[in-house]
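**Q** Structure for the following, please:
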Amino acid sequence: MRSTYRRTAVAVLAGVLLCGTAACTGEKSGPAAVGENGGRAGQKPVEVTPAAAVRKAADNSRRITSLTYRMSGEVQGQTMEGTAAMSMKPPAMQMHMKGGSAGEAGEVELRLTGDAMYINGGAEAAAEMDGKSWLKLDMAEIKKSTGQDPLGGLSSQADRNPAEESASMSAARDLKKVGPATVDGVRTTHYTGTVTLADVRASLADEDAETRERRTQALKKYEDMGIEKLSMDMWIDGSDHTKQFRTRSTTDKGRLDLTITFVDFNKPVTVKAPPASETMDLAEMMKGADGGA
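**A** Next up is the predicted model:
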């Protein structure tokens, strides 16, 4: 895989991973389900503490089976903006993203279905691959042949539920309610707080072993970027589901500022592999090549 193509794909997947460490969501909600004061229509809203509100939204996130979201922001000088739809059962994802540094910005489409990831780099990619715009990455086959992950370990995070780690914000010692706000026409309540990675790690003691392992791996990604503290903003709708989440910090190579906005939840998501005639298999390209890709 050419270096520019790889860096763009890695930047996109890094955004998915980092958003996944803090965001949360739930079932579909909208203006019709929200009352004037943030509760369900016809019901008197119940006042809860910021910590309880965040924990409830985090619990709701565990029950989703699919979602659609928008993502935008910056990670260490790499900008990204786009949309994604994904299914957790069975795992599948389709994402359109623009990202990269100022000098190497690019646009890609990612599809994950079955055991393969497909990356479409458009005309630039087609010029490098005999007119075929899609690159197929059979992760198991490539790793078996080379002993390396072609996306530097991020491929295993591609189907990660970006709502999974919502409990991180509940570790904030300064968690507070900012007030009402409207996001995409939906009435929400805005909360804010600052968490240290040490506090988040300590909070994992109450999680089951599998959840603790996943979230520990996510924390390591932050640590590798030189991050010790995160500023977070969460917008929760009247049905106790997160509508939007923002994460900010300073890394050793620039700022981190990512926002994820949830659009739809628990709706069918179908992802199809690109036509074989438009696809080049990276594993086939690597066969017989000295030193791998």
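**Q** all helices in the stretch 101-250 of the chain, in order from the N-terminus.
**A** 122-128, 139-146, 197-203, 209-224 (DSSP state H, counting those that start in this stretch).
**Q** Please convert the ones you listed to a markdown table, extending it with mean neighbour count, distance to residue 280 and mean pLDDT.
**A** In short, each C-beta sits where N, CA and C put it, glycine included. Formatted as a markdown table, the helices of the stretch 101-250 of the chain follow (neighbours: other Cβ atoms under 10 Å; distance: least, Cβ to Cβ, whole Å; pLDDT from 0 to 100):
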| stretch | mean neighbour count | distance to residue 280 | mean pLDDT |
| --- | --- | --- | --- |
| helix 122-128 | 15 | 9 | 78 |
| helix 139-146 | 16 | 13 | 67 |
| helix 197-203 | 16 | 40 | 89 |
| helix 209-224 | 15 | 30 | 81 |
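**Q** out of these, which comes closest to residue 233?
**A** Nearest of these to residue 233, taken as Cβ to Cβ: helix 197-203 at 16.2 Å.
**Q** Redo the helices of the stretch 101-250 of the chain as CSV? Include distance to residue 83.
**A** Output for the helices of the stretch 101-250 of the chain, formatted as CSV (distance: least, Cβ to Cβ, whole Å):
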stretch, distance to residue 83
helix 122-128, 16
helix 139-146, 24
helix 197-203, 28
helix 209-224, 22
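**Q** just so I know, which of these lies nearest residue 96?
**A** Across those, closest to residue 96 is helix 122-128 (Cβ to Cβ), at 10.9 Å.
**Q** Can you give the contact residues for that closest one?
**A** With contacts defined as Cβ atoms under 8 Å, 6 or more residues apart in numbering, helix 122-128 is touched by 2, 5, 106, 107, 108, 119, 132, 133, 134, 135.
**Q** Is the last one in contact with residue 121, as I believe?
**A** Yes - with contacts counted by Cβ atoms under 8 Å, residue 135 reaches residue 121, the gap being 7.3 Å.
**Q** the more surrounded of these two?
**A** Neighbour comparison, residue 135 and residue 121: the larger count goes to residue 135, with 26 against 23 (by other Cβ atoms under 10 Å).
**Q** for the more buried one, what are its contacts?
**A** For residue 135, the contacting residues are 1, 5, 118, 119, 120, 121, 125, 129, 279, 280, 282, by Cβ under 8 Å, 6+ apart.
**Q** at 6 Å instead, please
**A** With contact taken as Cβ atoms under 6 Å, 6 or more residues apart in numbering, residue 135 is in contact with 119, 280, 282.
**Q** Residue 74 too?
**A** Residue 74 touches residue 257, counting by Cβ under 6 Å, 6+ apart.
**Q** Quick check: the residue lying closest to residue 67 once chain neighbours are set aside vs residue 178, distance?
**A** Among residues not flanking residue 67 along the chain, residue 265 sits closest, at 5.0 Å (Cβ to Cβ, 6 or more residues apart in numbering). For residue 265, the distance to residue 178 (Cβ to Cβ, to the nearest Å) stands at 24 Å.
**Q** between the contacts of helix 122-128, which is closest to residue 84?
**A** Out of the contacts of helix 122-128, the member with the shortest distance to residue 84 (by Cβ to Cβ) is residue 108, at 11.9 Å.
**Q** how much space between the closest one and residue 93?
**A** Taking Cβ to Cβ as the measure, residue 108 falls 13 Å from residue 93.
**Q** re earlier: any chance of the contacts of residue 135 in JSON lines, plus distance to residue 47, neighbour count and pLDDT?
**A** What follows is the contacts of residue 135, written out as JSON lines (distance: Cβ to Cβ, whole Å; neighbours: other Cβ atoms under 10 Å; pLDDT from 0 to 100):
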{"residue": "119", "distance to residue 47": "48", "neighbour count": "25", "pLDDT": "88"}
{"residue": "280", "distance to residue 47": "58", "neighbour count": "18", "pLDDT": "87"}
{"residue": "282", "distance to residue 47": "55", "neighbour count": "22", "pLDDT": "76"}
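**Q** May I see these arranged in CSV, with distance to residue 140 as well?
**A** What follows is these, written out as CSV (distance: Cβ to Cβ, whole Å):
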residue, distance to residue 140
119, 17
280, 18
282, 12
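**Q** Thank you kindly, that will do.
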